[in-house]
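> Need a 3D model of the following:
(chains A and B)
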Amino acid sequence: MKTKKLINDGARAVDEMLVGVLAAHGKHLYAVDGSPRSIVAKDGPRPGKVGLVIGGGSGHEPTFLGFVGKGLADACAVGNVFASPPPDPIIECAKAASGGAGVLFMYGNYAGDVMNFDMATEMLSMDDIKARTVLTTDDVASATRDQKQKRRGVAGNFFIFKAAGAACDRMLSFDDCERIARKANDATYTMGVALAPCSLPQTLRPNFDIGTDEMEIGMGIHGEPGVKRDKLQSADRVVDDMLDRILAEMSPSRGDKVALLVNSLGSTPLMELYIMNRRIAERLADIDVQIHATWVGNYCTSLEMTGASITLHHLDGELQAMLDHPCDCAMFRAG
Amino acid sequence: MTIDATTLKSIFSDIATAIAADRDRLCALDGVIGDADHGIAMELGFNAARDAVSALGAEADPTTIFNTAAKAFLNAVGASSGPLYATAFMRAGASAKGKSVLSDAEFVEAFRAMAQGIRDRGKAEPGEKTMIDAWVPAADAAASASAQGANAVAAVEAAASAAAEGAEATKAMVAAKGRSARLGDRSIGHVDPGAASAVTVITAIARSLTAAQT
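Take a look at the predicted model:
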């Protein structure tokens, strides 16, 4: 049975979305002339500033393009649904974002994204634009701790991009921007849970099978299988399972500060996210971990997947300053 | 036989037709161990490659045809299959450099270059449950058939059989590269979708060459 979507043509979904995004957010965003999949901040790039270019497949909105704006990313290369953008739009983004101080590429660690961004990096070196890459690898479920470099990048992108964008906006050096980006990635931990699949606009079919009474802990944001399939539990028990895995790795000390993101994968409503947040706040209070700031809502979705993720961003003074630095993006504002 | 621009264009057209017919099966295979979009990416890529090379004039040399296909495929798709197949076609283009048409042996050499390009770009080794597990045995089979005097049709037919065996063998493998690598042992028992689509591509090349020969 086909899923129901408000689209015109699956093959045109991404391009039609971008037209709609620019119609709504023309104050913040424009597309590079002749490269409609290269979305740039109107008030971002400037001489002497390290340019921050993010990107990845569509279907995760507001990730990635919603985080383009002053104080955060300068440009975003937009791929097909769940597919890396090719090198050309990445190159156009880098050119638009470049202020002569280097360009930082940041995106989730997926084989396709790595190949396309690396090809773009090779081609840009001929244009004298130096690009460096910081991969996001916040998904605790996607590999063991000693193989952190193999992990996927998921909702924690939000905090990692935020920190890097603030560093770039403060006109820090290329080395410092890269260092802060890596530090933010190392300090960010995400666990997800999926209850029901999503479907791609081109197929209109559920992208995985799951029983009506089941959940999958650790499922990826493209429906990649997770670490454990189980009968659906209460919100508190699911939160406990996810949080235990995060805290085991983060091992916070009493009095430590975190920023918290409770994210919907698409269909899970705010009511359920706040029920989860209630339990998270209780658990963190129990171990005397302070929540410096909380975001609850749709930040990194997987089309209409049902489920949620929890991200903790372990703050020190520097990361807190980056988090508190103001930004003004199409779909996100802070400070 | 002599493989000229017309034959190369018809090869790209025949691959596009075969992949389109196979799209839903490839998506279903990918749905088991990936994100169910492999058939879509392959269809987009080969449609773009077909359209771009068919727009080239009759005077286009093999290198131009392969490079045009590479650029069109890459920019239509991105994803993983974009860089992998684009690199394959660019390597085939480089191996055909300076030639106006390809002999049987030169075509097989271009075919081997494609497999090597995929291997270099993806940094995958045989046994890691990727399209390499179809492309490497296919290239080896084509090369050894060609060395024993087989023409391009016979060599690519041998490649297609070897690719099919290679793809079947991925069922028993644990994924070590790409998104499905995160599955570990749960990937066992399923054919790798990239290897499955490689079989479709190579079989289509063999059929296209056979048709061109007659």
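
> In the longest helix seen in chain B, which residues are buried?
As assigned by DSSP state H, the longest helix anywhere in chain B is helix B:5-33. Using 16 or more other C-beta atoms under 10 Å in any protein chain shown as the test for burial, helix B:5-33 gives B:5, B:7-19, B:22-23, B:26-27, B:29-33. Using the backbone N, CA and C atoms, a C-beta is placed for each residue, glycine as well.

> Report the contact partners of B:Ser146.
B:104-105, B:108, B:152, B:155 (C-beta atoms under 8 Å, 6 or more residues apart in numbering or on different chains).

> Out of the residues you listed, which comes closest to A:Leu104?
B:Val108 (43.8 Å; C-beta to C-beta).

> Helix or strand next in line after whichever strand or helix holds that closest one, which one?
Here B:Val108 sits within helix B:104-122, counting by DSSP states H and E. As assigned by DSSP H and E, the chain's next helix or strand after helix B:104-122 is helix B:132-147.

> residues in chain A within reach of chain B, list them.
Taking C-beta under 8 Å from any C-beta of the partner chain as the contact definition, chain A meets chain B at A:57, A:79-88, A:110-112, A:115-116, A:119, A:142-143, A:150, A:152, A:200, A:202-203, A:205, A:207-208, A:220, A:222-225.

> Tell me where chain B is predicted with low confidence.
B:35, B:179, B:182-183 (pLDDT under 70).

> hmm, back to that, let's have the contacts of B:Ser146 in TSV, adding distance to A:Cys327 and neighbour count.
What follows is the contacts of B:Ser146, written out as TSV (distance: C-beta to C-beta, whole Å; neighbours: other C-beta atoms under 10 Å in any protein chain shown):
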residue	distance to A:Cys327	neighbour count
B:Asp104	61	20
B:Ala105	60	16
B:Val108	56	25
B:Ala152	58	29
B:Ala155	58	28
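
> ok, so of these, who is nearest chain A?
Using C-beta to the nearest C-beta, B:Val108 comes nearest to chain A of those, at 26.5 Å.

> and the gap between that closest one and B:Val136?
15 Å (C-beta to C-beta, to the nearest Å).

> next one: B:Gly78
24 Å.

> just the helices in the stretch 101-250 of chain A please.
For the stretch 101-250 of chain A, the helices defined by DSSP state H, counting those that start in this stretch occupy A:111-125, A:157-169, A:174-186, A:235-250.

> Which strands and helices lie in contact with the longest helix of chain B?
Secondary-structure packing of helix B:5-33 (3 or more C-beta pairs under 8 Å, 6 or more residues apart in numbering or on different chains; DSSP states H and E): helix B:38-54, helix B:62-77, helix B:193-213.

> what's the pLDDT at the residue in the stretch 201-335 of chain A that chain B sits nearest to?
Using C-beta to the nearest C-beta, the single residue of the stretch 201-335 of chain A nearest to chain B is A:His222, 3.7 Å away. A:His222 carries a pLDDT value of 87.

> Give the burial count for it, as a bare number.
27 (other C-beta atoms under 10 Å in any protein chain shown).

> For A:His313, list the residues it contacts.
Taking C-beta under 8 Å, 6+ apart as the test, what A:His313 contacts is A:156, A:159, A:184, A:187-188, A:258-261, A:319, A:323.

> Is it inside a helix or a strand, and which specific one?
Going by DSSP H and E, A:His313 is in strand A:306-315.

> Determine how far the very next helix or strand once past that strand lies from the middle of the whole chain.
Using DSSP H and E, the next helix or strand after strand A:306-315 towards the C-terminus is helix A:317-324. Helix A:317-324 has its C-alpha centroid displaced from the chain centroid by 18 Å (C-alpha atoms, centre = their mean, to the nearest Å).

> Looking at helix A:317-324 now, give me its mean pLDDT.
pLDDT averaged over helix A:317-324 gives 98.

> what angle do it and strand A:306-315 make?
Relative orientation of helix A:317-324 and strand A:306-315, computed by axes from the mean of the first three to the mean of the last three C-alpha atoms, to 10 degrees: 130 degrees.

> circling back to that earlier point, B:Gly78 and B:Val136 - which one has more neighbours?
Higher neighbour count among B:Gly78 and B:Val136: B:Gly78, with 32 against 24, using other C-beta under 10 Å.

> OK, contacts around that one?
B:Gly78 sits in contact with A:57, A:79-80, A:83-86, A:112, A:116, where contact means C-beta under 8 Å, 6+ apart.

> who's in contact with the residue nearest to it when sequence neighbours are not counted?
Closest residue in space to B:Gly78, ignoring its immediate chain neighbours: A:Pro86 at 4.0 Å, by C-beta to C-beta, 6 or more residues apart in numbering or on different chains. Counting by C-beta under 8 Å, 6+ apart, A:Pro86 touches A:79, A:116, B:74-78, B:82-83.

> swap in A:Thr3?
For A:Thr3, the contacting residues are A:199, A:204-206, A:304, by C-beta under 8 Å, 6+ apart.

> Using CSV, lay out those residues together with distance to A:Pro45 and neighbour count.
As requested, the contacts of A:Thr3 are exported to CSV (distance: C-beta to C-beta, whole Å; neighbours: other C-beta under 10 Å):
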residue, distance to A:Pro45, neighbour count
A:Ser199, 37, 20
A:Leu204, 38, 14
A:Arg205, 40, 16
A:Pro206, 41, 19
A:Glu304, 34, 17
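
> Next, give me the two most distant ones among these.
A:Arg205 and A:Glu304 (12.7 Å).

> Overlap of the contact sets of the two?
A:3, A:199.

> residues from chain B in reach of chain A?
B:24, B:27, B:31, B:33-37, B:40-41, B:44, B:74-84, B:121-122, B:177-183, B:186.

> From these, keep the buried residues only.
The neighbour-count test (16+ other C-beta under 10 Å) marks B:27, B:31, B:33-37, B:40-41, B:44, B:74-84, B:121-122, B:177-183, B:186 as buried among the residues of chain B next to chain A.

> follow-up on the earlier one: among the contacts of A:His313, which one sits closest to B:Arg112?
Taking these together and measuring to B:Arg112 by C-beta to C-beta, the closest member is A:Gly156, at 42.5 Å.

> Which pLDDT value belongs to A:Gly55?
Taking A:Gly55 on its own, its pLDDT is 98.

> mind checking how far it is from A:Met331?
When A:Gly55 is compared with A:Met331 (using C-beta to C-beta), they lie 16 Å apart.

> The two: who's more crowded?
Set A:Gly55 next to A:Met331 and count neighbours by other C-beta under 10 Å: A:Gly55 wins out with 29 against 19.

> Is it correct that that one falls within a helix?
No: using DSSP: H, G, I helix; E, B strand; the rest coil, the assignment for A:Gly55 is strand, not a helix.

> Let me see the contact set for it.
Contacts of A:Gly55 (C-beta under 8 Å, 6+ apart): A:64, A:76-79, A:84-85, A:89-90, A:93, A:105, A:107, A:113, A:117.
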